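after the sequence you'll find the predicted model.
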Amino acid sequence: MPSPFPAVAGTLLHCRIELPANYRLADFLAFHRRDSQDVAERVTSDSLTKGLRWENSAACLHIRFKDKAAEVQLDIDGGGNPAVSESPLSTTLLEHRARLMLGLTQPVEEFEQQYRGHCQLGALIRSVPGLRIPLAASPFEALSWAIIGQQISVQAAVSIRRRLIQAAGQQHSSGLWCYPDARQTSNLSDAGLGAAGLSAAKVRTFRALCEALESGLLQLDAKGCNAEQLGAQLLQIKGIGPWTVNYALMRGFGWPDGSLHGDVAVRRSLQALLAMADKPTERQTQDWLADFSPWRALVAAHLWALDARVATDLAGR
């Protein structure tokens, strides 16, 4: 089958991934449509084009959705390397990363089967069947996004993210900027990180995180990563707390059991779901989520979806 993408001069990798019949494409595209300036991502009604790092090179990931499948192509700058483009391992790695990003490794069917009849959660599941958690392109991107977003609005976080990408990242030949990896980020001075909009406390957190990754004390991309062990290691870094860890493990690895009881939108939706007079405390939310382990992050995703629907309804009034 010919590629649906234009040919380029660099190294090319391709794969095709079949999608479930109830795949929620709009959720995936919305997650990557956060920055309206299209600095690192371009999103259309049926595609995502994203700059990212691949084996220390600038690359551009294209995912186009057609006929209940995702056509995936990776364009890697560097003059073309037949050994990479013809390697089955390279294609396998691309497919694995794409499947993670698409949320296809999450046991959604098992989760829904178990809780579709639940007296409280069941109605949420039935209203958005097939709900999955879209992932960032890499664990470092997920973790750094979680740190950036601590205690600020999404709009402010998107602006800081954009400036960080342009300050530390690398531009692909397509024009898109690639999200920086830990080494590129650590090459920025404290003043450079601050100029991107990071507070002094977040600069220190980024510096400690990058140093741990560069030294090998912390490994985000290790095969067979144990989420709980990695979470415990991350909590040793000042400025990284339980919410940041659970969010990063969810968005970076697809871990379905992170307890996002500190999330404001999760607590707000739980208040609506349980018809509570006041917003539940973090402890009350944590206790309620505990009954759904090992699926607590998926439950949080359904509560986020409820929060988005309520916001849309209010906006339409």
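It's in.

mind giving me the domain split of this protein?
Domain ranges of the chain: 11-104, 107-133+257-317, 139-253, per automatic domain parsing.

same list, these, but as CSV with mean pLDDT please.
Shown next, in CSV, are those (pLDDT from 0 to 100):
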stretch, mean pLDDT
domain 11-104, 90
domain 107-133+257-317, 91
domain 139-253, 94
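
which residues in the stretch 151-300 of the chain form helices?
Using DSSP state H, counting those that start in this stretch, the helices found in the stretch 151-300 of the chain span residues 154-168, 182-186, 190-195, 200-215, 227-234, 242-253, 264-273, 282-290, 296-315.

show me what counts as buried in the longest one.
By neighbour count, with 16 or more other Cβ atoms under 10 Å as the criterion, the buried positions of helix 296-315 are 296-307. Glycine gets a C-beta too; all of them are placed from N, C-alpha and C.

which one of those residues sits closest to residue 290?
Nearest to residue 290 among those: residue 296, at 7.5 Å, using Cβ to Cβ.

gap between that closest one and residue 134?
For residue 296, the distance to residue 134 (Cβ to Cβ, to the nearest Å) stands at 18 Å.

same check on residue 264?
Distance of residue 264 to residue 134, given as Cβ to Cβ: 20 Å.

between these two, which is the more surrounded one?
Applying other Cβ atoms under 10 Å to residue 264 and residue 134 shows that residue 134 carries more neighbours, namely 19 against 10.

which SSE is that one in?
Taking DSSP states H and E as the definition, one finds residue 134 inside no helix or strand.

what's around the residue nearest to it when sequence neighbours are not counted, how many residues?
In space, residue 134 comes closest to residue 31 once its chain neighbours are excluded; the distance is 4.0 Å by Cβ to Cβ, 6 or more residues apart in numbering. Neighbour count of residue 31, defined by other Cβ under 10 Å: 18.

wait, residue 31 touches residue 137, no?
No - Residue 31 lies out of contact with residue 137 (Cβ atoms under 8 Å); the separation is 11.2 Å.

identify, out of the helices of the stretch 151-300 of the chain, the most deeply packed stretch.
helix 242-253 (a mean of 23; mean count of other Cβ atoms under 10 Å).

which helices and strands sit right next to that one?
On a contact count with 3 or more Cβ pairs under 8 Å, 6 or more residues apart in numbering; DSSP states H and E, helix 242-253 meets helix 139-148, helix 227-234, helix 296-315.

who's in contact with that helix?
Outside helix 242-253, the residues within contact range by Cβ atoms under 8 Å, 6 or more residues apart in numbering are 100, 133-136, 138-143, 145-147, 150, 220, 225, 227, 230-231, 234-235, 255-256, 258-260, 262-263, 297, 300.

write the PyMOL selection for whichever of the residues you listed are buried.
Buried members of the contacts of helix 242-253, defined by 16+ other Cβ under 10 Å, are picked up in PyMOL with:
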select buried, resi 100+133+134+135+136+138+139+140+141+142+143+145+146+147+150+220+227+230+231+234+255+256+258+259+260+262+263+297+300
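
restrict stretch 106-126 to CA atoms and write it as CSV.
Only the C-alpha atoms of stretch 106-126 are listed here, as CSV (Å, rounded to 0.1, in the frame of the first residue of the first chain):
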residue,chain,number,x,y,z
GLN,A,106,-5.0,0.6,28.3
PRO,A,107,-7.4,-2.3,29.4
VAL,A,108,-10.5,-0.1,28.7
GLU,A,109,-12.8,-3.0,27.8
GLU,A,110,-12.0,-4.9,31.1
PHE,A,111,-12.5,-1.7,33.1
GLU,A,112,-15.9,-0.9,31.4
GLN,A,113,-17.1,-4.5,31.8
GLN,A,114,-16.4,-4.4,35.5
TYR,A,115,-18.0,-1.0,36.3
ARG,A,116,-20.6,-0.4,33.6
GLY,A,117,-23.3,-1.4,36.2
HIS,A,118,-21.8,0.6,39.1
CYS,A,119,-24.5,2.7,40.8
GLN,A,120,-22.4,5.9,40.6
LEU,A,121,-19.7,5.4,37.9
GLY,A,122,-21.8,3.3,35.5
ALA,A,123,-23.7,6.2,34.0
LEU,A,124,-20.5,8.0,33.2
ILE,A,125,-19.0,5.0,31.5
ARG,A,126,-22.2,4.4,29.5
